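J.: Just to be clear, the model below is a prediction. Sequence and coordinates:
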Amino acid sequence: MAEPDDNGFVKRGFYLFGAMALLVAVVLGIIFIKPDQPEPIDVKDLPAHASKPGWKIRYNATITLLRRGSAQVPWSIVREMLDEKQQLKNSEFQRPDGRAVADEAQARSFVIATLKALVEWKRRLAEAGMNIDDVKALSEIRADIEPLAKSPIPELQRHALETQRALVK
């Protein structure tokens, strides 16, 4: 007749086997189940031409003016910077096989930097006691931010919503 297991080796073995099976299931789930990712951008949907040469310099200067709370902000450039498709066209490059591909990370980084700079601009003006409603282009800027707030890219959407809230107050 079988002797009882006084030390619980069999029971601990089953627990260990169950834990290992659970670990294998989790690892396989991580490997094979991919979250929904947005569709890659089709280059045919982008504007015909990239921005004029020197666009990176203009964009960096505009972001600097926004962060300082300047009254000399070139709003037409800000609107261009908030145009996601234009930024995708600006960041386009040729792959070795000859296909044109947009660098989505770089393009969205310019848009996000602009959104952050707008929040800082609003904060600086509020500290100076100025009213942002005096800026004529603000209604157009708010309209440009609206599609970004509905973006399927979570980080872009989050920054756009933060900017909308900041510009409303």
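T.: Cool, got the structure.
J.: what's the following helix or strand after the worst-scoring helix or strand of the chain on mean pLDDT?
T.: Least confident helix or strand, the chain: strand 100-102 with a mean of 79, by mean pLDDT, DSSP states H and E. Toward the C-terminus, strand 100-102 is succeeded by helix 104-127 as the next helix or strand (DSSP states H and E).
J.: Give the rounded mean pLDDT of that following helix.
T.: The average pLDDT within helix 104-127 is 91.
J.: list the helices and strands it packs on?
T.: Judged by 3 or more CB pairs under 8 Å, 6 or more residues apart in numbering; DSSP states H and E, the packing partners of helix 104-127 are helix 55-68, helix 75-81, helix 84-90, helix 138-149, helix 154-168. From N, CA and C alone the C-beta is placed, and that goes for glycine too.
J.: Let me see the contact set for D144.
T.: Residues in contact with D144, defined by CB atoms under 8 Å, 6 or more residues apart in numbering, are 79, 82-83.
J.: nearest to L22, of those residues?
T.: Nearest to L22 out of these is L82 (CB to CB; 46.9 Å).
J.: what's the closest non-adjacent residue to the closest one?
T.: D144 (4.2 Å; CB to CB, 6 or more residues apart in numbering).
J.: got it, and W121?
T.: L66 (4.2 Å).
J.: What is the neighbour count of the one you found?
T.: The number of residues packed near L66 is 22, by other CB atoms under 10 Å.
J.: how close does it get to W55?
T.: As defined by CB to CB, to the nearest Å, L66 lies at a distance of 16 Å from W55.
J.: Equivalent analysis for A21, please.
T.: According to CB to CB, A21 stands 55 Å off from W55.
J.: Same question for F14.
T.: 65 Å.
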